[in-house]
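Participant: what's the 3D shape of this:
(one chain, ligands or ions: 1)
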Amino acid sequence: MIVCSLCSAKLKMLDKIGGMKLGDGGRLCVYCTATIQSISPKIKFEEQTESSIQELIAQNKIEQVLLQNAKDNATQELVARIEEEQIKNKRAEEIAIQIEALQIENQFFGKKEIKELPNILSVSENVDNLITGIYNSNFGILVSTNHRLIFVDKGFIYGLKVEDFPLDKITSIEYETGFVSGEVTIHTSSNIAKIRQVDKVSARKFAEFVREKLSKPKENPSIISAQPDILGQIEKLAKLKDAGILSEEEFVEQKKKMLEKL
Ligand SMILES: [Zn+2]
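Facilitator: Sure thing, here's the model as predicted:
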C-alpha cells in the first residue's frame, strides 16, 4: 500500500495520475500536491523530500481558510484537467474501435494521422472508411465520416494539414487502378482532388462506398424544420398586413423573400 508522504492517505487511482513524486521516492496525493502547488507554484517536486515538503508547510503561515480555498481551486482545476484528458482518451478509443472495424490493410501507414483524428473530428462524427495515399504530394489519410471526406497529413516539418470535402459539396467520386496502385478522384463544384498511390482494392472499395453513400437520400433536418418556421413567419406577416402595419406591397415583397428560402 502506497500512502501520501504528507497526509498519509492511501493513494487512489486519481492520486497516481494527478499526484506528484518526490526526489526521495515519496508520493503525494492530489490534495497535498494541489496544496503545495498553491503555496509554491514553481516548485520542482523531484528536488523535494518528505522532510523538505513538511518544512515548507510548517514555514507557511498562510491562514487555514485561504489555504483551503487555494487547495480547493487547485484541486478542481486538476480534476477538470484529468477529466478532460479522460474524455479525450475515450474519444480516441471510440475512433480507434471504428477504424479497427474497417479492417484496413497496411495499418502501418497513417498512424500519426489517425492519432490526430480525435482533435479534428467533431464528437458526432464517426469514421466509416479510410484509405492512405498521396494528395498534393503529401502522404496522409483520406477519411470518410458521416459528415465529410477529410484528408489529413501530419508532416514532420510542416505540422498538420487538413482539407475537408463536405458530403453535400461532392458531386462525384471516381477511382482508377493501374498496374501497381490506384487513385481516387473527388469532384466538388469548385475542385478536383486526386489521391494517388492508394492500395488498388482499397481505392475501389472506398470510392464505391462513398458513391453509395452519396446516392442515398440525404437526411436534412435543417430544411424540414426550417419550412414550418418560414410558413409561420409568412402567417405573421399576413397578420401584420391585416393590422395595417405592413402595406400590401411590403407584404408581397416580404412573402416573396420568405418563399425563396424554401
Ligand atoms: Zn496527502
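
Participant: For residue 202, which non-adjacent residue is spatially closest?
Facilitator: Spatial nearest neighbour of residue 202, excluding adjacent residues (C-beta to C-beta, 6 or more residues apart in numbering): residue 131 at 4.8 Å. For the C-beta atoms, the positions are set from N, CA and C on the backbone; glycine is no exception.

Participant: ok, now residue 99?
Facilitator: Take residue 99 and drop its neighbours on the chain: the residue closest to it by C-beta to C-beta, 6+ apart is residue 127, 5.7 Å away.

Participant: Contact partners for that neighbour?
Facilitator: Applying C-beta atoms under 8 Å, 6 or more residues apart in numbering to residue 127 gives the contacts 95, 98, 99, 102, 117, 121, 143, 144, 145.

Participant: any idea which of those has the most stuff around it?
Facilitator: In terms of neighbour count, residue 143 stands highest of the contacts of residue 127 at 26 neighbours, by other C-beta atoms under 10 Å.

Participant: Are we agreed that that residue is in a strand?
Facilitator: Yes. Counting by DSSP: H, G, I helix; E, B strand; the rest coil, residue 143 is found in a strand.

Participant: From residue 92, how far out is it?
Facilitator: Distance from residue 143 to residue 92, counting by C-beta to C-beta, to the nearest Å: 14 Å.

Participant: one step back: tell me the bridge partners for the residue nearest to residue 202.
Facilitator: Per DSSP bridges, the residues bridged to residue 131 are residue 142.

Participant: Likewise for residue 188?
Facilitator: residue 170.

Participant: same thing with the one 5 residues further on?
Facilitator: When bridges are taken as DSSP bridges, the partners of residue 193 come out as residue 186.

Participant: does it really touch residue 174, like I thought?
Facilitator: No. Between residue 193 and residue 174 there is no contact under C-beta atoms under 8 Å: 11.1 Å.

Participant: Residue 194 versus residue 136, what's the distance?
Facilitator: Computed as C-beta to C-beta, the residue 136 to residue 194 distance reads 9 Å.

Participant: How about the residues of the stretch 1-150 of the chain by the ion?
Facilitator: Applying C-beta under 5 Å from the ion, we find that the stretch 1-150 of the chain lies next to the ion at 4, 6, 7, 9, 29, 32.

Participant: with those residues in mind, which one is nearest to residue 237?
Facilitator: The nearest member of those to residue 237, counting by C-beta to C-beta, is residue 29 at 65.0 Å.

Participant: residues contacting the closest one?
Facilitator: 4, 6, 7, 9, 11, 12, 15, 19.

Participant: Between all of these, which two are separated the most?
Facilitator: With distances taken as C-beta to C-beta, the most widely separated pair in the contacts of residue 29 is 6 and 12, at 15.2 Å.

Participant: more crowded one of these two?
Facilitator: Comparing residue 6 with residue 12 by other C-beta under 10 Å, the one with more neighbours is residue 6, at 21 against 12.

Participant: Domain boundaries for this structure, per the record?
Facilitator: Following automatic domain parsing, the chain resolves into domains at 13-91, 127-215, 221-261.

Participant: on that earlier part again, so the residue nearest to residue 202 sits right up against residue 206, yeah?
Facilitator: Yes. Residue 131 is within contact range of residue 206, at 4.7 Å (criterion: C-beta under 8 Å).

Participant: residues shared between the contacts of these two?
Facilitator: Residues touching both residue 131 and residue 206 (C-beta under 8 Å, 6+ apart) are 142, 184, 198.

Participant: ok, now which ones touch the residue lying closest to residue 169 once chain neighbours are set aside?
Facilitator: The spatially closest residue to residue 169, leaving aside those adjacent along the chain, is residue 188, at 4.7 Å (C-beta to C-beta, 6+ apart). Residue 188 is in contact with 165, 169, 170, 171, counting by C-beta under 8 Å, 6+ apart.
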